[in-house]
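In: Quick one, structure for this:
(one chain, ligands or ions: 1)
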Amino acid sequence: MKKSAPTARAAAVHLLDQVLGESRLLSDLIAGGALDALSPPDRARAQRLATDTLRGLARADRLLSRHLRKPPPLPVFNILRAGTVELAQGGDPHGVVNEAVGIIARHPRFGSLKGLVNAVLRKMAEDAPRSWNDLRVPGLPAWLRGPLTEAWGKAAVAAMERAHFAGAPLDLTIKSDPEGWAERLGGIVLPTGSVRLGDPGQISALPGYASGDWWVQDAAAALPVQVLAPLPGEHILDLCAAPGGKTLQLAHAGADVTALDLSARRMARVTENLARTQLTATCLVGDALDHRGGPYDAILLDAPCSATGTIRRHPDLPHARDGSDFGALIALQAAMIDHALTLLKPGGRLVYCTCSLLPDEGECQIEEAMQRHPGLTPDRAALDRPGIDPAWITEEGGLRLRPDFWPDLGGMDGFYIACLRR
Ligand SMILES: C[S@@+](CC[C@H](N)C(=O)[O-])C[C@H]1O[C@@H](n2cnc3c(N)ncnc32)[C@H](O)[C@@H]1O
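Out: Just a heads-up that it's a prediction; the model follows:
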């Protein structure tokens, strides 16, 4: 018998099973082809439903707990969770309940629980739209909430949790004429020059995508290159480059860019992005710690990190991670800073950044690097850029960005950025 084509809802539930059951990240699952059997609009729907469900998981569980004596097996629970979130968002009860029942009916082990799914989701059809907004904003897990509260205080963490729950708009870095593109795409120009769109729909269908006039990049993620301030013809090493948003900025500024990343699969994205935007860079696959090139006028080190600054867009992260890899990442970041300094021209600049909210991956790295390397100094003047609030500048001379900043504009990713000179 021919297997029926997967639906967006079934694919979303399967993603949830893997994030919550196997601690897999959505980005890895999607890059590994998890949604390839779907049409582009269904792919977008499945991804949206999975991310919305992960964002609202605590609320969905709270509502469901009123009608479940104990948590059901994970695949059943996830169908109920996704259904509850869809219903809370105003999904058509008939369509949501029927398809959820159909998905569980086809499940090889839990098909017999279709009656439960039907009964509970019918109750959710009444409860969820009515009660959803009265429920508490979902909090971060203890492993992350603890260190963040220690660093930023309770009120700031509560504001971050609100920002995580609100999700993220789509930001674009524009080659030229941000005002014109903002008008064309129905967005706004942010104080730092990025263009922000509210509800963009299918990104690849937007004007300017195919012609390479812009690329997707959170406004905070666009700042490290603004701080580095590349000049035409400068030799610049982009040490952890993929998927390449910052490589594109450097190349667009006219720098002679060498872009390197450990992952061949992710580096292929850099090559694709360069081709689409008609920009050039030398692309290398390899370990940053083994790279022997230069000396370079400037180096951008966007080091691998906990990515805790990107939870607005990646609500799977708190569910799929537990912080056990932080120690190894912090050690790798320090080793990368030390190695990058060996590749820099005297007087050259190293911009270090991480999309992390943890001072151990930001402020502390820079303080410790300056202790290890006498003569290394923070370039505070480099942080004096349009749209950068002086209140974001830290004691040791870096820039701390948080998701709860720009609350009226829709927030920004969490980042730490410092420009060092030697
Ligand atoms: C934060 S991401 C970089 C994002 C990128 N700069 C951008 O703007 O699109 C970190 C990158 O570091 C890469 N990476 C991890 N370990 C590495 C290593 N030892 N050498 C080089 N790259 C590494 C990962 O593959 C990942 O692409």
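In: CA atoms for contacts and neighbours, from now on please.
Out: Fine.
In: what about the residue nearest to S112 when sequence neighbours are not counted, distance to H67?
Out: Leaving aside its chain neighbours, S112 sits nearest to A105 (6.9 Å; criterion: CA to CA, 6 or more residues apart in numbering). Distance, A105 to H67, using CA to CA, to the nearest Å: 20 Å.
In: Show me which of these two is the more surrounded one.
Out: Neighbour count, other CA atoms under 10 Å: between A105 and H67, A105 has more, with 17 against 14.
In: Verify the stated contact: that one with L116.
Out: No - checked against CA atoms under 8 Å, the pair A105 and L116 is beyond contact range at 11.0 Å.
In: Am I right that V137 is in contact with F165?
Out: Yes - using CA under 8 Å, V137 is in contact with F165, at 6.9 Å.
In: Just give me the residue closest to the centre of the chain.
Out: For the chain, T310 is the residue whose C-alpha lies nearest the centre (CA atoms, centre = their mean; 3.7 Å).
In: Excluding sequence neighbours, find me the nearest residue to that residue.
Out: What sits nearest to T310 in space, not counting adjacent residues and going by CA to CA, 6+ apart, is D413, at 5.5 Å.
In: The residue lying closest to E22 once chain neighbours are set aside - how many residues pack around it?
Out: Nearest residue to E22, sequence neighbours excluded (CA to CA, 6+ apart): A320, at 7.7 Å. Using other CA under 10 Å, A320 has 17 other residues around it.
In: give me every residue that touches A320.
Out: Contact analysis of A320 by CA atoms under 8 Å, 6 or more residues apart in numbering lists V19, L20, E22, S23, R24, L25.
In: roughly how far apart are the last one and L15?
Out: Remark: distance between L25 and L15 (CA to CA) = 9 Å.
In: Looking at the two, which one has more neighbours?
Out: L15 (25 against 21).
In: Contacts for the helix or strand hosting the more buried one, please.
Out: Using DSSP states H and E, the element containing L15 is helix 8-22. Contacts with helix 8-22, where a contact means CA under 8 Å, 6+ apart, come from 24-26, 29, 34-35, 38, 42-43, 45-47, 49-50, 54, 74-75, 78-79, 82, 99-100, 103, 316, 319-320.
In: Please list the members of those that lie in helices.
Out: 26, 29, 42-43, 45-47, 49-50, 54, 74-75, 78-79, 82, 99-100, 103, 319-320 (DSSP state H).
In: Give the buried subset of those residues as a PyMOL selection command.
Out: PyMOL command restricting the ones in helices among the contacts of helix 8-22 to the buried ones, with burial defined by 16 or more other CA atoms under 10 Å:
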select buried, resi 26+42+43+45+46+47+49+50+54+75+78+79+82+99+100+103+319+320
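In: Would you agree G90 is in contact with P129?
Out: Yes - in this structure, G90 is within contact of P129 by CA under 8 Å, at 6.6 Å.
In: ok, the two, which is more surrounded?
Out: Between G90 and P129, P129 has the larger neighbour count (other CA under 10 Å), namely 17 against 12.
In: Chain neighbours aside, what residue packs nearest to the more buried one?
Out: Using CA to CA, 6+ apart, the nearest residue to P129 is A88, at 4.3 Å.
In: Surely the one you found touches K123?
Out: No - if you go by CA under 8 Å, A88 and K123 don't touch, sitting 11.8 Å apart.
In: Look at those two and report which has more neighbours.
Out: Just comparing A88 and K123: by other CA under 10 Å the higher neighbour count belongs to A88, 22 against 15.
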